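K.L.:
Got a predicted structure plus its sequence, pasted below:
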Amino acid sequence: MTGLSVSDLHVRLGDKAVLNGVSAVFAEKQVTTIVGPNGAGKSTLLTALAGLRKPDRGQVLLGTDDIYSLPARLRAQRVGFLPQIPEVAWAVDVRTLIGLGRTPFIGARGLGAVDTAAVDAGQGPAPQSLVRIGVLQDAAFQFYYSENLEALERASAE
């Protein structure tokens, strides 16, 4: 895999064109910041890059693979995505959230000893702790989305 690229990406939500001809290349293991006002399409772009929203037109390549042709588990192993979520459907502590990040790498038996040790060691600010303990370190591309990074910090302290 040599990178993540998007070419001539178009996404419509209803009758509104949210992304119109976006093209970009992202290097592995590099930090890229996407900024813009509310409604500019940042979240839509990130979900398309993660293979979670198929565009109306255009292509997203993970290396040489079309991201939408990859099986969901393989895609999840290669791309980590932690969206901003205003509320969680159930009470979840940070340890459980971190453990869920290992899901694409584990079998039906759940977390093994190595995963559990990594999760237990992961006390610290997010998202750095998520990467440090190995939840997402196996993924070549990691996407974090938050309007408020302090919310991630507060969540990791709970």
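P.N.:
The structure has been received and is ready for your questions.
K.L.:
Next, Ala48: secondary structure please.
P.N.:
Following DSSP: H, G, I helix; E, B strand; the rest coil, Ala48 is assigned to helix.
K.L.:
Give the burial count for Ala27, as a bare number.
P.N.:
Using other Cβ atoms under 10 Å, Ala27 has 12 other residues around it. Quick note: C-beta positions are derived from backbone N, CA and C, even for glycine.
K.L.:
and the closest residue to it other than its chain neighbours, what does it touch?
P.N.:
Once flanking residues are discounted, Ala27 sits nearest to Gly3: 5.5 Å by Cβ to Cβ, 6 or more residues apart in numbering. Counting by Cβ atoms under 8 Å, 6 or more residues apart in numbering, Gly3 makes contact with Val25, Phe26, Ala27, Glu28, Gly63.
K.L.:
I'd like the residues you listed laid out as TSV, including secondary structure.
P.N.:
Output for these, formatted as TSV (three-state DSSP):
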residue	secondary structure
Val25	strand
Phe26	strand
Ala27	coil
Glu28	coil
Gly63	coil
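K.L.:
tell me the contacts of Asp66?
P.N.:
With contact taken as Cβ under 8 Å, 6+ apart, Asp66 is in contact with Gln59, Val60.
K.L.:
Distance check, the residue nearest to Ala27 against Thr33.
P.N.:
For Gly3, the distance to Thr33 equals 17 Å [Cβ to Cβ, to the nearest Å].
K.L.:
which residues of the chain score low on pLDDT?
P.N.:
Within the chain, the ranges that satisfy pLDDT under 70 run 1-2, 84-88, 94, 98, 107-108, 118-158.
K.L.:
how about the helices of it, start to end?
P.N.:
42-49, 72-78, 94-100, 113-121, 128-132, 149-157 (DSSP state H).
K.L.:
okay but Pro83 is in contact with Lys42, surely?
P.N.:
No - using Cβ atoms under 8 Å, Pro83 makes no contact with Lys42, being 11.2 Å away.
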